[in-house]
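K.L.:
Structure for this input, please:
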Amino acid sequence: QALVLPGASPGTGWDGASNVPCEPPQPDEPPEDESVFTYLFQPSPHTLSRLVTSTQLWFHTGPVMAPPGSSAAANRSAGGADVLILSGQGRVTVAATAVQAAEQWTVFHFAAPFLRYVSQKLFVLLVRCPGCPCTADADKMPFLMATTKPKGPDRARRSSVPWSPAALNLLQRPSEDAAAHADCHRAALNISFEELGWDKWIVHPRSFIFHYCHGSCSDTHTLSHALGFRLCCAALPSTMRSLRVRTTSDGGYSFKYETVPNILTQDCACI
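P.N.:
Below you'll find the predicted structure:
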């Protein structure tokens, strides 16, 4: 999922698209514009490079400022708020289903025709909400939540990350302790993603303890010797664990949780 926040341009995110946050309506301002909130959105390059499958707009309606029993209050309770988009034809109403959420938030679930706008570098949304207060609080600003997937065939992320010679040497480096080669055991190595040059991709964790199997196995096992097999010090497959990381591919505009399977060794044995 990707979050898209309003851009910081003049007239963005404020009541009536004025240049001053929550400026009182001007005498020559049309009455219908007093309850229209304008926001400019600029999706990140990462979002633009992917296929958007669903989008929601989270809008903080806040407490109703209209007097009890007024038409504005009635419209609010009946889902009177709606969303428009600024296009070449002017203001166009967007098909959406409004759902009330906790703490005075309203979630607009957009229909499929709206998804094409999220693939544009810039677009302007207007929320018409009679009785909604204007707020400049950062924690109450609206935001878009978009669900995306890769365009075309899915490819494993690991295949696109080059394994540098330094990284391979670090992972394959044998222990300097000669006694460590006497038997099969589990060894540990601290892996820093910054040292590997991966800190611009993997943002959390910054490092982790990499356990691997190391040592030698004797040929005293009767059956393996008779069959001509040579035992190898390796991790027991059923004991391997996965590593969960948080990654970014657009400089921190959006994040993704990924799981690297079977990378953490728990037990070693001669097999």
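K.L.:
pLDDT below threshold where in the protein?
P.N.:
Counting by pLDDT under 70, the chain has low-confidence residues at 1-34, 64-79, 153-182, 219-229.
K.L.:
just the helices in it please.
P.N.:
For the chain, helices defined by DSSP state H occupy the ranges 45-48, 71-77, 115-118, 165-172, 222-227.
K.L.:
Tell me which residues of the first one come out buried.
P.N.:
Spelled out, it's helix 45-48. Using 16 or more other C-beta atoms under 10 Å as the test for burial, helix 45-48 gives 46-47. C-betas here are computed from N, CA, C, even on glycine.
K.L.:
cool, the third one as well?
P.N.:
Of the residues in helix 115-118, those scored as buried under the neighbour-count criterion (16+ other C-beta under 10 Å) are 115, 117-118.
K.L.:
Now do that helix: which elements does it pack against?
P.N.:
strand 50-60 (3 or more C-beta pairs under 8 Å, 6 or more residues apart in numbering; DSSP states H and E).
K.L.:
and the strand it packs on, which strands flank it?
P.N.:
strand 105-110 (antiparallel), strand 143-150 (antiparallel) (DSSP bridges).
K.L.:
Can you dump the C-alpha atoms of the last one in CSV for me?
P.N.:
Backbone C-alpha positions of strand 143-150 (Å, rounded to 0.1, in the frame of the first residue of the first chain) are rendered in CSV as follows:
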residue,chain,number,x,y,z
PHE,A,143,-4.7,11.5,2.6
LEU,A,144,-5.1,8.9,-0.1
MET,A,145,-4.4,5.2,0.6
ALA,A,146,-3.7,3.3,-2.7
THR,A,147,-3.3,-0.4,-3.1
THR,A,148,-0.9,-1.2,-5.9
LYS,A,149,0.8,-4.1,-7.6
PRO,A,150,3.7,-4.4,-10.1
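K.L.:
picking up where we left off before, dump the strands paired with strand 50-60 into TSV; add mean neighbour count and distance to Y257 as well.
P.N.:
Output for the strands paired with strand 50-60, formatted as TSV (neighbours: other C-beta atoms under 10 Å; distance: least, C-beta to C-beta, whole Å):
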stretch	mean neighbour count	distance to Y257
strand 105-110	18	22
strand 143-150	16	14
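K.L.:
Mind putting these into JSON lines with distance to R241?
P.N.:
Formatted as JSON lines, the strands paired with strand 50-60 follow (distance: least, C-beta to C-beta, whole Å):
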{"stretch": "strand 105-110", "distance to R241": "36"}
{"stretch": "strand 143-150", "distance to R241": "27"}
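K.L.:
picking that back up, C134: which of the buried residues of helix 115-118 is nearest?
P.N.:
Y117 (24.2 Å; C-beta to C-beta).
K.L.:
tally of neighbours for the residue nearest to that closest one when sequence neighbours are not counted?
P.N.:
Computed as C-beta to C-beta, 6 or more residues apart in numbering, the closest residue to Y117 that is not its neighbour in sequence is F123, at 4.8 Å. F123 has 20 neighbouring residues, counting by other C-beta atoms under 10 Å.
K.L.:
so how far is V94 from F123?
P.N.:
As defined by C-beta to C-beta, to the nearest Å, F123 lies at a distance of 11 Å from V94.
K.L.:
any shared contact partners between those two?
P.N.:
Both F123 and V94 are contacted by I85, under the criterion C-beta atoms under 8 Å, 6 or more residues apart in numbering.
K.L.:
separation between the closest residue to R246 other than its chain neighbours and K151?
P.N.:
Excluding its sequence neighbours, the residue lying closest to R246 (C-beta to C-beta, 6+ apart) is H204, at 4.2 Å. Distance, H204 to K151, by C-beta to C-beta: 26 Å.
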